[in-house]
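Colleague: Provided below are the primary sequence and the corresponding predicted coordinates.
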Amino acid sequence: MAIVDNKSQLYDIAADEREKYARAAYDSYEDAEEHDRAVDRAMRAAVRDALIEHKRAGQPIAVWQDDKVVWIRAEEIVIPEEP
């Protein structure tokens, strides 16, 4: 167990450990990279689906913009292309 001087170091150590264990779960770095891309595609698809549902239902969405929460009206929601 490492001794840390501040939270930043603790987060860096935790991130390094997470990456080490995540990479060890795959046969190669390329497998891990493909997994990362698959997760990214799935997240983008899920967000796109949620945006479509909000727009169809006429419900606004909340986004973080310029250091504050901003509400976007349903008719202003932009649907991204499919991943």
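Modeller: Arrived safely, thanks for sending.

Colleague: okay, CA-based contacts and neighbour counts for the rest of this
Modeller: Fine.

Colleague: contacting residues around Pro60?
Modeller: By Cα atoms under 8 Å, 6 or more residues apart in numbering, Pro60 lies in contact with 54, 71-74, 77.

Colleague: how far away is the residue nearest to Ile77 when sequence neighbours are not counted from Arg37?
Modeller: With Cα to Cα, 6 or more residues apart in numbering as the criterion, Ile77 has its nearest non-adjacent residue at 6.5 Å, and that residue is Lys55. Computed as Cα to Cα, to the nearest Å, the Lys55 to Arg37 distance reads 27 Å.

Colleague: For the protein, which segments count as strands?
Modeller: 61-65, 68-72 (DSSP state E).

Colleague: Count the residues that sit near Ala45.
Modeller: Number of residues near Ala45 (other Cα atoms under 10 Å) recorded here: 16.

Colleague: wait, Glu75
Modeller: Neighbours around Glu75, by other Cα under 10 Å: 12.

Colleague: picking that back up, could the strands of the chain go into JSON lines alongside mean neighbour count?
Modeller: Shown next, in JSON lines, are the strands of the chain (neighbours: other Cα atoms under 10 Å):
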{"stretch": "strand 61-65", "mean neighbour count": "11"}
{"stretch": "strand 68-72", "mean neighbour count": "11"}
